[in-house]
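*Asks:* Fold the following.
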Amino acid sequence: MVAQINTAQIKTNQSKINQNQPKTNLVDPNLPKSTLIVTPLKGNVQVFIAPHRNLYADIIAQAMRVAGQGTQVLLVQLFQTGINQGLSNPRRLVENLEWLRCDAQRDLSKDDIELTDTEKSAVLELWDYAKVAIKSGRAGLIVLDEANLLVARSLITEEELLEVLETRSPKVNMILTGASMPSRITEYADQVTHRRN
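*Replies:* Numbering: from 1, shown residues only. Sure, this is the predicted structure:
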């Protein structure tokens, strides 16, 4: 009990002393500014490379699982087409999964075809839509199927694709698929999976 009273008296005396002294800034302006010890988390970038051009069943399963847990998912098949598809007609597999395909009349992923100006515009329209979603973070998972063909067909540069990944919203996880992938993209990715068959 005596110790408690003495402590209370000391605190009271210190506060009286502090009131009589002018207030000064206790931070030395010459010291370096403190930095955050904790780095904010950023979404992952996964790259799946396979010799065949099919959207993998496990990627669809992952997208559906994430969407089923309440996260918005955007699946963009840049070079796959379908009847009445494109930005104006997205498909929904589950409530939170938006699936877009290119608005064209033929399969654009084949190596032996030359894209028309209309087809290039349709692909780039999807790419522009995906870029906005990637930057804004409106979807927690964004899958870009055959993203490698954007660069391989000179629709965008490797630098542009890398810049989109680097400046994405921290909330966005990315999956890029393709038969190959530019080396700077695979070096940037958190995970790279090569499939042999």
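
*Asks:* what's the burial count for Asp58?
*Replies:* Number of residues near Asp58 (other CB atoms under 10 Å) recorded here: 9. Any C-beta I mention is one placed from the backbone N, CA and C, and that applies to glycine too.

*Asks:* On the three-state scheme, it is what?
*Replies:* Under the three-state scheme (DSSP: H, G, I helix; E, B strand; the rest coil), Asp58 adopts helix.

*Asks:* What's the separation between it and Gln46?
*Replies:* For Asp58, the distance to Gln46 equals 11 Å [CB to CB, to the nearest Å].

*Asks:* cool, Thr157 as well?
*Replies:* 22 Å.

*Asks:* okay, the two: which has more neighbours?
*Replies:* Neighbour tally, Thr157 and Gln46, criterion other CB under 10 Å: the higher count belongs to Gln46, 19 against 12.

*Asks:* Given the strand ranked longest in the chain, what are its sheet partners and their directions?
*Replies:* As assigned by DSSP state E, the longest strand anywhere in the chain is strand 73-81. Using DSSP bridges, strand 73-81 pairs in its sheet with strand 97-102 (parallel), strand 141-145 (parallel).

*Asks:* Pick the most buried one from the ones you listed.
*Replies:* Highest mean neighbour count among those (mean count of other CB atoms under 10 Å): strand 141-145, with a mean of 26.

*Asks:* from the middle of its chain, how far away would it be?
*Replies:* Remark: strand 141-145 is offset 9 Å from the chain centroid, using CA atoms, centre = their mean, to the nearest Å.

*Asks:* heads up, I number from 14, so please use that
*Replies:* Renumbered: residue one is now 14, and that last one reads strand 154-158.

*Asks:* Show me where the chain has its strands.
*Replies:* With DSSP E as the criterion, the chain has strands spanning 58-62, 86-94, 104-105, 110-115, 154-158, 186-191, 204-207.

*Asks:* I'd like those strands as a markdown table, with distance to Met77 appended.
*Replies:* Converted to a markdown table, the strands of the chain look like this (distance: least, CB to CB, whole Å):
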| stretch | distance to Met77 |
| --- | --- |
| strand 58-62 | 16 |
| strand 86-94 | 8 |
| strand 104-105 | 11 |
| strand 110-115 | 6 |
| strand 154-158 | 10 |
| strand 186-191 | 13 |
| strand 204-207 | 19 |
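
*Asks:* so who does the closest residue to Leu110 other than its chain neighbours touch?
*Replies:* Closest residue to Leu110 apart from its sequence neighbours, by CB to CB, 6 or more residues apart in numbering: Ala80 at 3.9 Å. Under the criterion of CB atoms under 8 Å, 6 or more residues apart in numbering, the neighbours of Ala80 are Val86, Leu106, Val107, Glu108, Asn109, Leu110, Leu154.

*Asks:* ok, the last one touching Met77?
*Replies:* No. Using CB atoms under 8 Å as the test, Leu154 is too far from Met77 to be in contact (10.5 Å).

*Asks:* what sits in contact with each of those two?
*Replies:* Common neighbours of Leu154 and Met77, using CB under 8 Å, 6+ apart, are Val86.

*Asks:* do you know how far Ala160 is from Gln118?
*Replies:* Ala160 sits 22 Å away from Gln118, going by CB to CB.
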